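A.B. asks: Fold the following for me, if possible:
(chains A, B and C)
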Amino acid sequence: MPELPEVETVVRTLAPRLEGRRIVEARFSSRFVTPGNRAALARRVRGRTVTRVYRRGKFIVCTLDQGELSVHLGMTGKLLFDAAPSPHTHAVFELDTGALLFDDPRQFGRIEWGAKRASRLGPEPLDVTLDDFLHRLALRKTRLKALLLNQTFLAGIGNIYADEILFAAGLYPRTIASRLRAARATRLYRAMREVLSRAIERRGSSISDYVDAEGRPGAFQLEHCVYGREGQPCVNCGSAIRKITISQRGTHYCPKCQRS
DNA sequence: TGGAATGTTCGGCT
DNA sequence: AAGCCGAACATTCC
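C.D. replies: Here you go, the predicted structure:
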């Protein structure tokens, strides 16, 4: 569910309703989502006012009048305003106006005090300069697919967008990064910016049940060229889209448009 | 029933 | 010593 475009969409729906609000009460009930002392976390959060909500990679960081709270949605996490609690509700923030719930069936999401993990990330894909991107790419001897997924290389790209970006750039996912010449590396940079920007415009991809903080799905899944399209015809050349495994992640590509 | 699913971390290895 | 790979985490859905 939540990669950079989805998290960006969540933050855009979250920020206007959360900034300036006071957290009257917080309750945490999962030892996975909130590892450590949950009562202590609730005490730290209680009574705080949210001053700013922003995205860093796939993290949602809430700056408070005292301290910071970071939320990672994992694979199936959702932040929802004024929703009915479910068996998968693991956190409740009661605000001075309404309530914000954190739901996560798989419990790969995390809610943590501070923004330590968000500070250890690579640059934002939409902020990094072409020069910086080319230099960093040339230093890596790993496969393009694995590199795009590496959050210390770039922050926010996940499995869907890695595949869509490599298709848009016409690059074979197993290509070794440092072996790309400048022209193709530049194509990768441009494809990355175009795919991510377009996906944000479409409010992200809803492939199973992703919704933003208002409960609305995205529409970029309708524009996926390779992800989830194994065996279907390539939108460019009609060849059957192939699915392989790289770094233990399903990887979709067109064997003709993305040659090794 | 086994396998895969939008993600991250950690141990082991080179 | 950096950096990669596979396993593990918990749950649902084919």
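A.B. asks: How many residues are close by A:Glu194?
C.D. replies: In terms of burial, A:Glu194 registers 14 neighbours under the definition other CB atoms under 10 Å. In short, each C-beta sits where N, CA and C put it, glycine included.
A.B. asks: which residues does it contact?
C.D. replies: For A:Glu194, the contact set (CB atoms under 8 Å, 6 or more residues apart in numbering) comprises A:Ala168.
A.B. asks: try it again with 6 Å
C.D. replies: Residues in contact with A:Glu194 (CB atoms under 6 Å, 6 or more residues apart in numbering): none are found.
A.B. asks: my read is it is in a helix, agree?
C.D. replies: Yes - looking at A:Glu194 with DSSP: H, G, I helix; E, B strand; the rest coil, it is inside a helix.
A.B. asks: Can you read off the pLDDT for it?
C.D. replies: Reading off the confidence values, A:Glu194 has pLDDT 96.
A.B. asks: quick one: it from DNA strand B, how far?
C.D. replies: Distance of A:Glu194 to DNA strand B, computed by CB to the nearest atom of the strand, to the nearest Å: 19 Å.
A.B. asks: Contact distance from DNA strand C - what residues of the stretch 151-260 of chain A qualify?
C.D. replies: Among all residues of the stretch 151-260 of chain A, those adjacent to DNA strand C (criterion: CB under 7 Å from any atom of the strand) are A:Ser247, A:Gln248.
A.B. asks: pLDDT weak spots in the stretch 151-260 of chain A?
C.D. replies: Across the stretch 151-260 of chain A, nothing is flagged by pLDDT under 70.
A.B. asks: how about the helices of it, start to end?
C.D. replies: For the stretch 151-260 of chain A, the helices defined by DSSP state H, counting those that start in this stretch cover A:159-169, A:182-201.
A.B. asks: between those, which gets nearest to A:Ala99?
C.D. replies: Shortest separation from A:Ala99 across those is recorded for helix A:182-201, at 27.1 Å, computed as CB to CB.
A.B. asks: tell me the angle the closest one makes with helix A:159-169.
C.D. replies: Regarding helix A:182-201 and helix A:159-169, their directions subtend 130 degrees when assessed with axes from the mean of the first three to the mean of the last three CA atoms, to 10 degrees.
A.B. asks: Give the buried residues for helix A:182-201.
C.D. replies: Burial within helix A:182-201, assessed by neighbour count using 16 or more other CB atoms under 10 Å, is assigned to A:Ala185, A:Leu188, A:Tyr189, A:Ala191, A:Met192, A:Arg193, A:Val195, A:Leu196, A:Ala199, A:Ile200.
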